[in-house]
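Chemist: I'll drop the sequence and a predicted model, then ask my questions.
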Amino acid sequence: MNVFSGIRPSGDLHIGNYFGAMRQWIELQNKYNCLFCIVDLHAITTPYEPKDLQKNILETAIAYLAAGLDPEKCVLFVQSDVKEHCELAWLLGTITPLGDLKRMTQFKEKSKKYPQYLNAGLLNYPVLMAADILLYQTTLVPVGKDQVQHIELTREIARRFNKTFGNAFKEPKALLSQGQKIMSLDEPRKKMSKTGSPKGYIGLFEEPSKIRKKIMSAVTDSGKTIKYDPKRKPGISNLLVIYSLVSGKDIKVLERELKGKGYRQLKKNLASLLIDFLSPFRRKHKEFLTRQVYVKEILKRGARRARLQAQSTIKRVKTKMGLM
Ligand code: AMP
Ligand code: TRP
């Protein structure tokens with residue numbers, strides 16, 4: 001079984017990404033034939049800085065390797081290094097109804113957000129994504145909820161191709177991130193995200209002093225009891241969720257252990273635990289930062305392996321379409 005997912009080259013990961021999605025990816029690489037692709041061609045559909053792109057790609061690769069992707073167990077590569085992605089996207093574009101692309105939620109949202117940048121690439125974004133997935137005869141695509149619509153469209157494209165030209169593709173399924181949702185530390189009713197204020201998220205490679213400061217100043221409530229109650233006590237509940245994830249203890253057990261203790265004590269304990277938990281991530285991250293030649297070699301090797309699979313799909317598709 002092949003697993004494929006795309007990673008936007010946007011650099012730093014936070015603990016929400018890790019507990020919400022990354023952790024499953026790391027488990028998947030032990031079970032399946034996994035390909036993880038840094039999707040630079042998707043990144044250029046919204047405003048970006050060309051001079052920063054290479055740096056962002058490398059930083060993203062380093063972040064994922066430090067978080068636990070293992071180049072011996074999965075294929076990690078950059079999308080634009082395998083030109084078959086563009087080739088298949090063009091071919092699939094010819095059987096994708098314009099109306100399907102115009103109704104995609106992400107297209108509508110992004111066209112509103114970047115009205116000056118409304119380009120055909122943004123509209124065709126899901127076709128390139130379908131190409132990414134279908135090139136590798138993928139069966140499972142681990143993604144967040146917001147990408148499910150794109151996977152559905154990918155399935156329709158595969159089905160239409162198979163019906164029109166004969167069987168060439170497997171129909172992939174979305175594998176929804178099943179991890180815990182982590183909320184922002186300073187606005188605990190909102191999801192932790194890197195686009196919010198820096199006080200709200202904890203980077204996976206963040207320095208201990210910053211981790212402690214952010215946890216100690218996390219927004220709570222005016223009460224005193226340490227109890228999991230996301231409706232009335234979103235801040236404390238979120239801290240308990242994080243506590244439970246890093247300690248491996250059930251929230252019920254934590255409530256008992258922390259009974260009668262103040263919020264300050266809870267935060268102090270959690271900060272120390274989190275600093276320890278993230279210590280191997282920080283160490284690996286620093287190590288990879290000094291081994292950039294090696295990281296580039298991993299990406300090159302990944303592209304070579306991906307290309308082999310991609311080329312055989314392209315051959316099949318072109319033959320069926322009468323292009324070969
Ligand atoms: P994003 O960086 O928002 O594109 O998210 C990448 C992946 O991380 C998606 O699969 C999300 O579901 C997951 N993710 C992002 N933020 C959080 C969060 N605060 N809690 C849990 N999962 C998250
Ligand atoms: N569109 C995805 C996102 O915004 C990234 C992506 C590109 C992707 N190609 C993919 C995800 C293929 C899964 C499979 O997050």
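Modeler: That came through, no problem. Ligands and ions are numbered 1, 2, ... in the order given.
Chemist: neighbours around residue 264, how many?
Modeler: By other CB atoms under 10 Å, 10 other residues sit near residue 264. (Each C-beta comes from the backbone N, C-alpha and C, glycine too.)
Chemist: Apologies, that question was intended for residue 201.
Modeler: 25.
Chemist: Tell me who's in contact with it.
Modeler: 14-16, 184-185, 192-194 (CB atoms under 8 Å, 6 or more residues apart in numbering).
Chemist: what do you get if the cut-off is 10 Å, keeping everything else the same?
Modeler: 12-17, 182, 184-186, 191-195, 214 (CB atoms under 10 Å, 6 or more residues apart in numbering).
Chemist: need the contact list for residue 167.
Modeler: 158, 161, 316, 320.
Chemist: Could you rerun that using 7 Å?
Modeler: Counting by CB atoms under 7 Å, 6 or more residues apart in numbering, residue 167 makes contact with nothing.
Chemist: Also residue 106?
Modeler: Residue 106 neighbours (CB under 7 Å, 6+ apart): residue 146.
Chemist: Can you tell me the element it falls in?
Modeler: helix 105-113 (DSSP states H and E).
Chemist: Does that helix reach ligand 2?
Modeler: No: residues of helix 105-113 contacting ligand 2 under CB under 6 Å from any ligand atom: none, with a closest distance of 7.3 Å.
Chemist: residues of that helix that come out buried?
Modeler: Across helix 105-113, burial judged by 16 or more other CB atoms under 10 Å covers 107, 110.
Chemist: ok, it near ligand 1 or not?
Modeler: No: residues of helix 105-113 contacting ligand 1 under CB under 6 Å from any ligand atom: none, with a closest distance of 11.0 Å.
Chemist: and the residue of the stretch 1-150 of the chain nearest ligand 2?
Modeler: residue 6 (2.5 Å; CB to the nearest ligand atom).
Chemist: What residues are bridge-paired with that residue?
Modeler: Beta bridges link residue 6 to residue 37 when assigned by DSSP bridges.
Chemist: That one and ligand 1: what is the separation?
Modeler: For residue 6, the distance to ligand 1 (CB to the nearest ligand atom, to the nearest Å) stands at 10 Å.
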